[in-house]
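Peer 1: Provided below for reference: sequence and predicted model.
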Amino acid sequence: MWQTLLQHKLFIQDNFLPDQLVNQIVNNIDAKKFKSVNNRNTPPVMFDTNFDYDLLVDPLFRETDLRKIIFAKMNPLAQQEWNIVLPEGNLHHMQYFLKQNNPDAPVAFDLHAEDAGIYGPMVFMLYLSDEIDGQLEIPTEEDANEDWGKGFQDMIDHFPVCFSPETISLLPKKNRCVVMSTGLAHRVRKCSGTRPNISGWPFFKPEQLQSLDAWSSYKDLK
């Protein structure tokens, strides 16, 4: 059952997949196929904020039956909240990917939000480990001041961004799925562990990347 943390905006479900399947995913992660992605080596899709993580570069990962299982589990919520059905067929890496934290990085992901016109209406994260830190945080407007930088102000100026009435902090928990509306301000705290998770914006519009000249040198991730 989905638990609603913010009406129409933030939902979680624990024990999302069978434990055996989650363990199988974790045991088959190939550390040699990860690429470091951060705002120093990757052009921002929207506006610049600090982030740093390791991304699995493996197009075959997107085409497995696992994706169908995850999307089928999320479809009732997607239909209820946004009147949409999650896509089938070939996907862009932004729509479904596996990433993990770099414990040595100076930052995980500073305050930001996504433009629904580019990313679609929703984002999901399926955590594959238990962590003692590395929280997903959805702040109030006041608490957002901690790292409200130029990049985030640019977001505020260009598309609708909303805040939580009370700051919500969610620790990564193995087999917990989080689904969130785009446009909701959030940050990810630094993590001492690797925090692997499957994530994506299922309705991301890949054609938006064509306007980014700098992205042409990063086509290996498409």
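Peer 2: Yes, it's here. Numbering: from 1, shown residues only.
Peer 1: In the chain, what residue spans correspond to helices?
Peer 2: Ranges of helices in the chain, per DSSP state H, are 19-27, 65-82, 116-119, 150-158.
Peer 1: residues making contact with the shortest one?
Peer 2: If I follow you right, that is helix 116-119. 45-46, 94, 159-160, 181-183, 201, 203-205, 208 (CB atoms under 8 Å, 6 or more residues apart in numbering). The way it works is simple: take the backbone N, C-alpha and C, and place the C-beta from them, glycine included.
Peer 1: C-alpha coordinates for it, CSV please?
Peer 2: Output of helix 116-119 as CSV, limited to C-alpha atoms (Å, rounded to 0.1, in the frame of the first residue of the first chain):
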residue,chain,number,x,y,z
ALA,A,116,7.4,19.2,-15.3
GLY,A,117,7.6,20.5,-18.9
ILE,A,118,11.0,18.7,-19.3
TYR,A,119,10.8,15.9,-16.8
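Peer 1: If we go by neighbour counts, what in it is buried?
Peer 2: Residues of helix 116-119 classed as buried by neighbour count (16 or more other CB atoms under 10 Å): 116, 118-119.
Peer 1: which ones are touching the closest residue to Asp58 other than its chain neighbours?
Peer 2: Using CB to CB, 6 or more residues apart in numbering and skipping the chain neighbours, the partner closest in space to Asp58 is Lys33 (5.0 Å). The contact partners of Lys33, taken as CB under 8 Å, 6+ apart, are 56-58.
Peer 1: With pLDDT and distance to Arg187 as extra columns, can I get those residues in JSON lines?
Peer 2: Below are the contacts of Lys33 laid out as JSON lines (pLDDT from 0 to 100; distance: CB to CB, whole Å):
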{"residue": "Leu56", "pLDDT": "92", "distance to Arg187": "23"}
{"residue": "Val57", "pLDDT": "88", "distance to Arg187": "25"}
{"residue": "Asp58", "pLDDT": "87", "distance to Arg187": "27"}
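Peer 1: What about the residues you listed, which one has the most neighbours?
Peer 2: With neighbours taken as other CB atoms under 10 Å, the top of the contacts of Lys33 is Leu56, carrying 19 neighbours.
Peer 1: so who does the nearest residue to that one once chain neighbours are set aside touch?
Peer 2: Spatial nearest neighbour of Leu56, excluding adjacent residues (CB to CB, 6+ apart): Leu98 at 4.2 Å. For Leu98, the contact set (CB under 8 Å, 6+ apart) comprises 29, 55-56, 61, 196-199.
Peer 1: repeat for His8
Peer 2: 81, 181.
Peer 1: Now which of the contacts of Leu98 would you call buried?
Peer 2: 55-56, 61, 196-199.
Peer 1: which one of these is nearest Met155?
Peer 2: Ser199 (19.2 Å; CB to CB).
Peer 1: Quick check: chain neighbours aside, which residue is closest to the closest one?
Peer 2: Met125 (4.6 Å).
Peer 1: Ile168 now?
Peer 2: Ile138 (4.4 Å).
Peer 1: about what we covered before: output the contacts of Lys33 as TSV; include the columns distance to Ile70.
Peer 2: Compiled in TSV, the contacts of Lys33 are given as follows (distance: CB to CB, whole Å):
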residue	distance to Ile70
Leu56	15
Val57	20
Asp58	16
